[in-house]
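# Model the following, please.
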Amino acid sequence: MMITSIHRHLITSVIAPHGITDVIHALQHNTTTELVAYNGASLATSWLLSSHIPVVLDDAFIIASIAHFRHDMDNHIICVPKYVMSGALLFAAIHFDPNILYGYMVFVHVPNHYKTNWKYIKANPWKNIGGIIIFSLLLFGLGEFYPFLLESNQLFAMSKGIVISHVLYNELYIHD
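Modelled structure (predicted):
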C-alpha cells in the first residue's frame, strides 16, 4: 500500500511518537540500559532478517503486535480471548483494508497507551508531555521534509524492529 499524506501524518505525529513513553518509564525506573539494549538488538536483528529471511521478521512483528494489542481488548463484552480479537484485527487489516489498523491505532491503541502510561507521565507532566509534543513535532517534520523515508523498504524493516523492542519493553517492564 502506498503511504498517502494522511497516513504519513498519522504515522509521524500520532502513531510513532507514542513509543517515547518507554523512554519516560526507563528514565524513572533506571532501565535505560535495558531499553537501549532491546532497541539495538531489535534494530540489528530486523536489519539482518530483512536481508536474509524477511518472513521471520514479518512473523515476529505480527506476533509482537498481537501480544501488544491484546492489552487494548476487552473480553468482557464478548467471550473471545484477547489474543484472538487482536489477531482478527491484524488479519482484517492485512487482508482487507490497512485503514482498519490506522483507525485502531489512532482511536484505540495510542489513547489507551497514554492512559496506561499516565502514571509515569504525570510524575513530571510538563517535562514529559512537552517531550512527547517535541518528539511528535520532530517526527512530523521528518515526514514532511523527507517523505521518501516512509517509502524505504529498509527503514520499514527497521521500524518493525523498533515496534518489536517496544512490545518487549512493555511486556517486561510496564504490563503485569
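# where does the residue of the chain most remote from its centre fall, phi/psi-wise?
Of all residues in the chain, Cys79 has its C-alpha farthest from the mean position, at 26.6 Å, by CA atoms, centre = their mean. The phi/psi pair for Cys79 (degrees, to the nearest 10) reads phi -80, psi 60.
# For the remainder of this discussion, apply numbering that starts at 50.
Got it, first residue is 50 now, which makes that one Cys128.
# and it, what pLDDT?
Per-residue confidence (pLDDT) for Cys128: 80.
# Give me the distance between it and Leu106.
Applying CB to CB, to the nearest Å, the value for Cys128 to Leu106 is 33 Å. From N, CA and C alone the C-beta is placed, and that goes for glycine too.
# Report the separation between the closest residue to Ile111 other than its chain neighbours and Val157.
Nearest-residue entry for Ile111: Leu139, 6.1 Å, with adjacent residues in sequence omitted and distances by CB to CB, 6 or more residues apart in numbering. Per CB to CB, Leu139 is found 13 Å from Val157.
# picking that back up, what's the residue nearest to Ile111 in contact with, if anything?
Going by CB atoms under 8 Å, 6 or more residues apart in numbering, Leu139 touches 111, 114-115, 118, 150.
# Repeat the analysis, applying 10 Å as the threshold.
Residues in contact with Leu139 (CB atoms under 10 Å, 6 or more residues apart in numbering) are 110-112, 114-115, 118, 149-150, 153.
# Which pair in the residues you listed has the greatest spatial separation?
Spanning the widest gap among the contacts of Leu139 are Ile112 and Ile149, at 18.7 Å by CB to CB.
# now the helices: where do they sit in this structure?
With DSSP state H as the criterion, the chain has helices at 54-59, 70-78, 81-101, 103-118, 131-144, 148-153, 159-165, 167-170, 174-194, 202-218.
# rank these by mean pLDDT and give me the bottom one.
Across those, helix 54-59 gives the lowest mean pLDDT, at a mean of 90.
# how about that one as PDB, C-alpha atoms only?
The C-alpha atoms that make up helix 54-59 are tabulated as PDB, following Å, rounded to 0.1, in the frame of the first residue of the first chain:
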ATOM      1  CA  SER A  54      -0.100  12.100   3.100                       C
ATOM      2  CA  ILE A  55      -2.800  11.400   5.600                       C
ATOM      3  CA  HIS A  56      -1.200   8.100   6.500                       C
ATOM      4  CA  ARG A  57       2.200   9.800   6.800                       C
ATOM      5  CA  HIS A  58       0.800  12.400   9.100                       C
ATOM      6  CA  LEU A  59      -0.900   9.800  11.300                       C
END
